[in-house]
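# pasting the structure only:
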């Protein structure tokens, strides 16, 4: 049995490392926190070293390859520059989780220790933070779990998608029932407003509930700090020991922090609960406003053609405009799923048009029945 040509695999590996290095360099250049910036710089250095490894393997096979960062990497880098690293971290964290085992079945990578490097990011983060370690919110930010800004990219894409698919289905259902155009437009606009308000209220309740939970946890921590300060100190000692600090230093650090009355509760909230007391999950009104606008942005697409055109031309234009928007949103999801942009665009287009087709058919049946 012939041995598979390793060159395509080497090239794919190199492309991935080039993308990773480009994104981490963009994060480091735009991160205000020096600890986090150092983490990103070191991760970028690891990706560049891995890239050099695959370049050498290619050279040994008599092949050369000099890939530029992919479109996905360029978009994520641009978003990090425009909105800050927190905006793209969930997409990056998802990619790292998906690719962490990519080298496990590649003998050259195993021999060079690349799989261990791919799984060593947590260790690197602790090392970059020095003896004090990284705070809970900072670790959550790096892992893409920070609610304040970390899920904005995902929420933006999915919010617009919800508005587009739901209102396209609604408009097509009404069109299938052969309703006059004025009623169709009114239905589409009503669906836009109703859906956007529902999304905004849901987001407001979600963020408000999270903030209330965080406040309750902080109040509980404040009460424990007043009633059992020694137990709180021991908890901090254990947290710092888990970060690699030996017990005498951990105890001295905990005692010094808890002796400062103003910062003791703030320290406990950050270190023990992983909560930033100044943020508490972001603004509920801001989240509601963004949800309203994003849903509306998607929901208006299938309605606009019926405002500008009439008859069959409006129907076809609505389908075409919605199809383009579906494909664009699908390509956008590839930023945080890691799937190919063309695959994601085609899948989203197929699902959205299938939903519209089902509702159009249902509307046609109901319209015929009522007629």
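In hand now; what should we look at? All figures in this text were calculated on a predicted structure; none of them were measured in a lab.

# the domain parsing of the protein - what is it?
7-142, 152-211+284-370, 215-273 (automatic domain parsing).

# and residue 22, what helix or strand is that in?
According to DSSP states H and E, residue 22 maps onto helix 7-30.

# helices along the stretch 101-250 of the chain, start to end?
Here the stretch 101-250 of the chain has its helices, by DSSP state H, counting those that start in this stretch, at 107-112, 114-118, 121-128, 136-142, 152-176, 181-227, 229-242, 247-259.

# select, out of those, the one closest to residue 292.
helix 181-227 (4.0 Å; Cβ to Cβ). Quick note: C-beta positions are derived from backbone N, CA and C, even for glycine.

# please name every helix or strand in contact with the helix holding residue 22.
helix 34-60, helix 71-83, helix 89-99 (3 or more Cβ pairs under 8 Å, 6 or more residues apart in numbering; DSSP states H and E).

# which helices and strands does the first one pack with?
What it means is helix 34-60. helix 7-30, helix 114-118, helix 121-128, helix 136-142.

# quick check: buried residues in it?
35-44, 46-48, 50-51, 53-55, 57-58 (16 or more other Cβ atoms under 10 Å).

# now do stretch 187-201: everything it contacts.
Stretch 187-201 is contacted by residues 159, 162-163, 166-167, 170-171, 174, 179, 288-289, 291-296, 299-300, 302-303, 306 when judged by Cβ atoms under 8 Å, 6 or more residues apart in numbering.

# let's go with 6 Å and repeat that
If you take Cβ atoms under 6 Å, 6 or more residues apart in numbering as the criterion, stretch 187-201 is touched by 166-167, 170-171, 174, 288, 291-292, 295-296, 299, 303.

# and which of the residues you listed is nearest to residue 280?
Nearest to residue 280 among these, with distances taken as Cβ to Cβ, is residue 288, at 15.5 Å.

# what is the burial count for the closest one?
22 (other Cβ atoms under 10 Å).

# show me the contacts for it.
200, 203-204.

# cool, residue 159 as well?
291, 294-295.

# can you check residue 314 too?
Listed by Cβ under 6 Å, 6+ apart, the contact set of residue 314 reads 305-306.

# if I look at it, how far off is residue 184?
Separation of residue 314 from residue 184 (Cβ to Cβ, to the nearest Å): 9 Å.

# how about CSV for the domains of the chain, with mean pLDDT added?
Formatted as CSV, those follow (pLDDT from 0 to 100):
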stretch, mean pLDDT
domain 7-142, 77
domain 152-211+284-370, 88
domain 215-273, 74
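
# returning to that earlier point: now, of the helices of the stretch 101-250 of the chain, which is deepest in the fold?
helix 152-176 (a mean of 23; mean count of other Cβ atoms under 10 Å).

# what's the angle from that one to helix 71-83?
Put simply, helix 152-176 runs at 110 degrees to helix 71-83, going by axes from the mean of the first three to the mean of the last three Cα atoms, to 10 degrees.

# tell me how far helix 152-176 lies from the chain's centre.
20 Å (Cα atoms, centre = their mean, to the nearest Å).

# what is the neighbour count of residue 104?
Using other Cβ under 10 Å, residue 104 has 12 neighbouring residues.

# and the closest residue to it other than its chain neighbours, how close does it get to residue 50?
In this structure, residue 104 finds its nearest non-sequential neighbour in residue 115, 5.3 Å apart by Cβ to Cβ, 6 or more residues apart in numbering. Distance of residue 115 to residue 50, given as Cβ to Cβ: 11 Å.

# likewise residue 179?
In terms of Cβ to Cβ, residue 179 sits 59 Å off from residue 50.

# quick one on the thing from earlier: is it correct that the residue nearest to residue 104 is in contact with residue 106?
No. Applying Cβ atoms under 6 Å, one finds residue 115 not in contact with residue 106, separated by 8.4 Å.

# for residue 214, give me its contacts.
So, once contact is read as Cβ under 6 Å, 6+ apart, residue 214 ends up touching 275, 280.

# which residues touch residue 30?
80-81, 85 are the contacts of residue 30 under Cβ under 6 Å, 6+ apart.

# let's go with 7 Å and repeat that
Listed by Cβ atoms under 7 Å, 6 or more residues apart in numbering, the contact set of residue 30 reads 80-81, 84-85.

# neighbour-wise, which of the residues you listed leads?
Most neighbours among the contacts of residue 30, by other Cβ under 10 Å: residue 85, with 28 neighbours.

# ok, it touching residue 27?
Yes. Counting by Cβ atoms under 7 Å, residue 85 touches residue 27, with 4.4 Å between them.

# surely the residue nearest to residue 104 meets residue 102?
No. Counting by Cβ under 7 Å, residue 115 stays clear of residue 102, with 8.4 Å between them.

# helix/strand/coil for residue 66?
The local conformation at residue 66, judged by DSSP: H, G, I helix; E, B strand; the rest coil, is coil.

# tally up the residues packed near it, please.
8.

# what's the answer for residue 82, then?
Neighbourhood size, residue 82 [other Cβ under 10 Å]: 10.
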